[in-house]
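[1] Using only what follows, build the 3D model:
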Amino acid sequence: MRALRRPRGAAGPVVEAAGEAGPGPADTVRVPAVIELAGAARTYPGPPPVHALRPTDLTVRRAEYIAVVGPSGSGKSTLLNVVGLVDRPTGGHYRLDGIDTGGLPEAERTALRGHRIGLVFQAFHLLPYRTATENVMLAQVYLGTPRARRRAEAVDALLAVGLGHRLDALPSAMSGGERQRVAIARALVNRPSLLLCDEPTGNLDSASAGRVMNTLDALNGGGITLVVITHDPAVAARARRTLTIRDGELTEDSAASAQWGPV
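    Presented below is the predicted three-dimensional model:
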């Protein structure tokens with residue numbers, strides 16, 4: 001296992017190789033980075049202080065498919081919150097699509113998150129008395145998408161996840177897998193460059209989980225950058241790179257990434 005931390009005295013971020021869904025190592029220089037963590041850390045004040053994310057260097061390039069695994073309390077949620085622009089790192093730097101997020105005021109961070117990041121959670125967070133289409137449209141309201149465009153774009157997002165036949169269904173009339181796919185469509189409707197999924201199959205039976213993961217596989221195949229937080233080895237096995245976090249330290253299996261050459 002290889003710790004994704006800045007070597008002492010080194011300058012600049014550590015550049016990671018692209019995953020199998022994206023380009024090979026010869027092409028990584030030309031592929032834009034979506035996530036760049038350079039010594040990024042998150043410490044919660046004490047006493048005693050809690051080092052939830054230790055200084056970490058990580059680059060994730062466009063169209064990569066990353067799984068992050070680790071036990072409860074290992075720092076997965078902290079990493080998700082930092083990458084998802086929910087929390088600010090207390091040390092180091094985070095660039096999203098080349099934008100240094102560190103000095104942005106909160107309103108600009110919120111706007112950047114809304115336009116560039118789609119979030120999918122274990123709980124579906126759908127409004128029970130709104131149809132699938134209306135639930136997806138709500139994500140557009142927060143960004144001020146013109147009313148005339150909302151429905152057509154929401155329908156397109158639902159078609160992309162295979163729910164064209166459930167446009168007017170209420171959550172109570174849908175299976176768990178269908179509700180999660182509505183949540184994925186809601187995360188996609190604003191055309192983000194990054195999709196972050198936190199235990200996307202945690203509330204699903206194996207058949208529904210398989211359909212949801214097939215949907216995510218297809219989206220990644222279409223070019224979206226995908227980061228999945230999971231406890232499930234079967235879910236992690238679908239990713240092209242697997243990172244492990246334990247006690248706030250992020251590591252990568254060097255054997256798994258050896259096919260992409262040195263990083």
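[2] got any ranges where the stretch 151-263 of the chain has weak pLDDT?
    253-263 (pLDDT under 70).
[3] what ranges do the helices span in it?
    With DSSP state H, counting those that start in this stretch as the criterion, the stretch 151-263 of the chain has helices at 176-188, 206-221, 233-236, 254-257.
[4] nearest to D57, of those helices?
    With Cβ to Cβ as the measure, helix 254-257 is the member of the helices of the stretch 151-263 of the chain nearest D57 (14.3 Å). In this view, the C-beta of every residue, glycine as well, is placed from N, C-alpha and C.
[5] in stretch 175-193, what counts as buried?
    By neighbour count on 16 or more other Cβ atoms under 10 Å, the buried set for stretch 175-193 is 176-190, 192-193.
[6] my bad, stretch 162-175
    For stretch 162-175, burial by neighbour count (16+ other Cβ under 10 Å) applies to L163, R166, L167, A169, L170, P171, M174.
[7] do the same with stretch 106-113
    Those buried within stretch 106-113 under the rule 16+ other Cβ under 10 Å are R109, A111, L112, R113.
[8] between those residues, which is closest to N135?
    Nearest to N135 out of those is R113 (Cβ to Cβ; 18.9 Å).
[9] Distance check, the closest one against L58.
    Applying Cβ to Cβ, to the nearest Å, the value for R113 to L58 is 18 Å.
[10] circling back: would you turn the helices of the stretch 151-263 of the chain into CSV with distance to L80?
    Rendered in CSV, the data for the helices of the stretch 151-263 of the chain read as follows (distance: least, Cβ to Cβ, whole Å):
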stretch, distance to L80
helix 176-188, 13
helix 206-221, 16
helix 233-236, 15
helix 254-257, 21
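[11] Now, the buried residues of stretch 106-113 that are in helices?
    Among those, DSSP state H puts R109, A111, L112, R113 in helices.
[12] Which residue is the nearest non-sequential neighbour of the second one?
    Ranked by Cβ to Cβ, 6 or more residues apart in numbering and with sequence neighbours excluded, the top spatial neighbour of A111 is L143, at 7.9 Å.
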